[in-house]
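Q: Make a model of this:
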Amino acid sequence: MLRRLRRHSSTVFVFLLFLLPMYLGILYVLKCGDPFIDNYIVQRDREPLEKYQTFLAVLVTTSSNNIEKRDAARETWLTHGNTSSVFKRFVVGIASADSSEISRLNRENREKGDLLLLPDVHDSYITLSLKVLHMLTWLDRNVDFKYVLKVDDDSFARLDVMEKELRQRNGETLYWGFFHGDAKVPKEGPLEDRDWLLCDRYVPYALGGGYVLSADLVHYIAANVDSLKLYRSEDVTVGAWLGPLDIKREHDVRFDTMNHSRGCSNQYLVTHKQSEKEMRKKHNQLKTRGRLCETEYRKAKSYVYDWEVLPSQCCKKKRGII
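A: This next block holds a predicted model:
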């Protein structure tokens, strides 16, 4: 009898030592969700316990397979400026991702800690407007910030200069970028947009390679999320959402955000359509020589937006503008 009790006591001890923590862990996950997954995937209908505090938020739209582009950004322009006052996330839609893809993204996030995974967004060009809507809504809900820079993963940004200039604005309402006002609505081809019925041209919008929104504009979008129309291009869509508002739209030629880079200028704040090699070259130039370009050059003409005329007359390209 005594031996049986001793064997029973040993079994209980083994259960308590090895199996009980596992059992309690399973109960926790069933009740509360996986704490690791919760850190990386947007949770539906869950209020944050506390908002992250920052001055400038940076949201980089990327796709699951673009890890080389993300690494290039991490090693170059995302290291500039006061990194303690900048909140950074690479945004990926995972609605179509399989389990191996999710595992790969989680491994990357364990190492880098800078992905924002959207479970309700299929990652493709035609869903980019929805992606921007979800990520701005998430940002409004989870982060206390003053401004957000939205950029593509093939853009190079001068965070140090941008943050310095934004701090001088004292939190003013701002929609800042390189504006397009005379864009015709494509009726065929890969950019075909049959949903735009307002007029024969798009309303003025900042090009999507990179633009800045103040927190109050992001809050406006998040507060009206159920009523907002999505169009083919995300930058067109943001311009349409903000179209009726009496806000400061600041066209800045230092945003090189057209569908091809206009060249290289040491004044550029955002340069779109950059390869990983070009990002590293610009980064090294800044570190060693304090300037962006080895040699400044211009491949395409630019324009100063004329807000005093109709949008169809706004954007006359001229030589001599960076």
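
Q: Return the distance of residue 283 relative to residue 86.
A: Using C-beta to C-beta, to the nearest Å, residue 283 is found at 16 Å from residue 86. (Glycine included, C-beta is placed from N, CA and C.)

Q: Would you mind confirming that residue 55 is in contact with residue 163?
A: Yes: here residue 55 reaches residue 163: they are 6.8 Å apart, a contact under C-beta atoms under 8 Å.

Q: More neighbours: the two, which one.
A: residue 163 (20 against 17; other C-beta atoms under 10 Å).

Q: Point out where this protein drops to low pLDDT.
A: Applying pLDDT under 70 to the chain flags residues 1-49.

Q: center of it, which residue is that?
A: For the chain, the residue nearest the mean C-alpha position is residue 59 (2.2 Å; C-alpha atoms, centre = their mean).

Q: doesn't that residue fall inside a strand?
A: Yes: if the criterion is DSSP: H, G, I helix; E, B strand; the rest coil, then residue 59 is within a strand.

Q: Would you mind naming the residues that bridge with it?
A: Beta-bridge partners for residue 59, by DSSP bridges, are residue 89, residue 150.

Q: in terms of contact, does it touch residue 114 like I think?
A: No: using C-beta under 8 Å, residue 59 makes no contact with residue 114, being 10.8 Å away.

Q: Mutual contacts of those two, please.
A: Taking C-beta atoms under 8 Å, 6 or more residues apart in numbering as the contact rule, residue 59 and residue 114 both touch residue 89.

Q: pretty sure residue 294 contacts residue 284?
A: No: between residue 294 and residue 284 there is no contact under C-beta under 8 Å: 9.4 Å.

Q: in this structure, which spans are helices?
A: Along the chain, the stretches classed as helices by DSSP state H are 2-14, 20-32, 35-40, 67-75, 99-112, 128-142, 159-167, 215-223, 234-242, 276-289.

Q: and those as CSV, adding distance to residue 303?
A: Formatted as CSV, the entries for those read as follows, by distance: least, C-beta to C-beta, whole Å:
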stretch, distance to residue 303
helix 2-14, 76
helix 20-32, 54
helix 35-40, 42
helix 67-75, 28
helix 99-112, 38
helix 128-142, 25
helix 159-167, 21
helix 215-223, 24
helix 234-242, 17
helix 276-289, 24
